[in-house]
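Asker: below are the sequence and a predicted model; questions follow.
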Amino acid sequence: MTQNEYREKIDKALESCFVLDDSQSIKGLAESMRYSLLSGGKRIRPMLVLEFCRIAGGDIDLAMPVACGIEMLHTYSLIHDDLPCMDNDELRRGRPTNHMVFGECTATLAGDALQSEAFASILHADLPASRRVLCAECLADAVGLDGMCGGQYLDMIGEGKLLSETELNDIITRKTGDLLIAACRMGVAAAGGSAKQLEAAAYYGAYIGYAFQIVDDMLDVLSTVEELGKPIGSDAEEHKNTFMTLLGEEECRRRVQKLTDEAKNILQSCFDDTAFLCELADTLAERMH
């Protein structure tokens, strides 16, 4: 399956989520959730869930609720990141951010609800209970105090300070890397894969997550609003520490290539069919948005 085919399959599944009729009093909240959930995007995380499930011998149709769950979680994080109390962004994926359309209170609740619904989607999947629990555990570990939320906190308190590369790596691992690692591990878990496959999947996720953030930092300097679909130069305006300011463009490009190569190599010992994931790693490294 190609990236576009995966994306279409995922979009179709997400389209069926949170559809309420006019008689339901909470329809406005559901519309806010759907606004961000269906706003496009690369669908990298659910794609990773499905592909790792496939190459670990699982059924991607049975894993789709798991894939939808991680995209709901990711969407919640974007809604909250954009809020006035956080990054205060007005544009996301080329459209007004959630709070600009629905108001700050509804946007906050939409994010909260998407976080809860993410775990509900996983736990309601038609998979053996042990696999569902492991998928939910992988996600919970990635996004709580010691994961994404902790990374967002460190990013916030680090603004205006000069951080070391070690400190910046800690932020990026938590804020970006942990959710990508979770996506890869959840795919293997949904398939009932081995401990060795779970470990290799985690390394792949860590490598592409690190590379992904370096590219993000580069694009914030080198891209345009039209290409990126959101404001550029915001990192500098908010005095954030980035790999571009710490390392410079040339070293950033070198590291992205090295990390991408390591991500592709780590798969060889545990999986037979790695072509899609190798191509995806290259695509993420070369992306312009």
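Answerer: Looks like it arrived, so ask away.

Asker: strands of the stretch 51-200 of the chain, start to end?
Answerer: 91-92, 95-96 (DSSP state E, counting those that start in this stretch).

Asker: I'd like those strands laid out as a markdown table, including mean pLDDT, distance to Cys149 and mean neighbour count.
Answerer: Yep, even glycine has a C-beta here, placed from its N, CA and C like the rest. Shown next, in a markdown table, are the strands of the stretch 51-200 of the chain (pLDDT from 0 to 100; distance: least, Cβ to Cβ, whole Å; neighbours: other Cβ atoms under 10 Å):
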| stretch | mean pLDDT | distance to Cys149 | mean neighbour count |
| --- | --- | --- | --- |
| strand 91-92 | 92 | 19 | 18 |
| strand 95-96 | 95 | 25 | 14 |
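
Asker: of all those, which one is nearest Cys135?
Answerer: strand 91-92 (26.9 Å; Cβ to Cβ).

Asker: partners of that closest one, with directions?
Answerer: strand 95-96 (antiparallel) (DSSP bridges).

Asker: returning to that earlier point: relative to Tyr153, which of the strands of the stretch 51-200 of the chain is closest?
Answerer: Closest approach to Tyr153 among these is made by strand 91-92 (21.2 Å; Cβ to Cβ).

Asker: any idea of the mean pLDDT in stretch 150-162?
Answerer: Summarised as a single mean, pLDDT over stretch 150-162 is 89.

Asker: one more: stretch 270-286?
Answerer: On average, stretch 270-286 scores 94.

Asker: so what's the spatially closest residue to Asp155 that is not a sequence neighbour up against?
Answerer: Counting by Cβ to Cβ, 6 or more residues apart in numbering, Ile171 is the residue found nearest to Asp155 once chain neighbours are left out, at 5.1 Å. Counting by Cβ atoms under 8 Å, 6 or more residues apart in numbering, Ile171 touches 151, 154-155, 158, 163, 241.

Asker: give me that answer again for 6 Å
Answerer: 151, 154-155 (Cβ atoms under 6 Å, 6 or more residues apart in numbering).

Asker: and what of Ile70?
Answerer: 45-46, 49, 183.

Asker: most surrounded residue in these?
Answerer: Val49 (35 neighbours; other Cβ atoms under 10 Å).

Asker: measure it to Thr274 for me?
Answerer: Val49 is 16 Å from Thr274, where distance means Cβ to Cβ, to the nearest Å.

Asker: likewise Ala263?
Answerer: Look at Ala263 and Thr274: by Cβ to Cβ, they are 10 Å apart.

Asker: more neighbours, those two?
Answerer: When neighbours are counted by other Cβ under 10 Å, Ala263 comes out ahead of the other of Ala263 and Thr274, with 26 against 19.

Asker: which residue, other than its chain neighbours, is closest to the more buried one?
Answerer: Using Cβ to Cβ, 6+ apart and skipping residues adjacent in sequence, the residue nearest Ala263 is Tyr207, 3.7 Å away.

Asker: cool, thanks, signing off.
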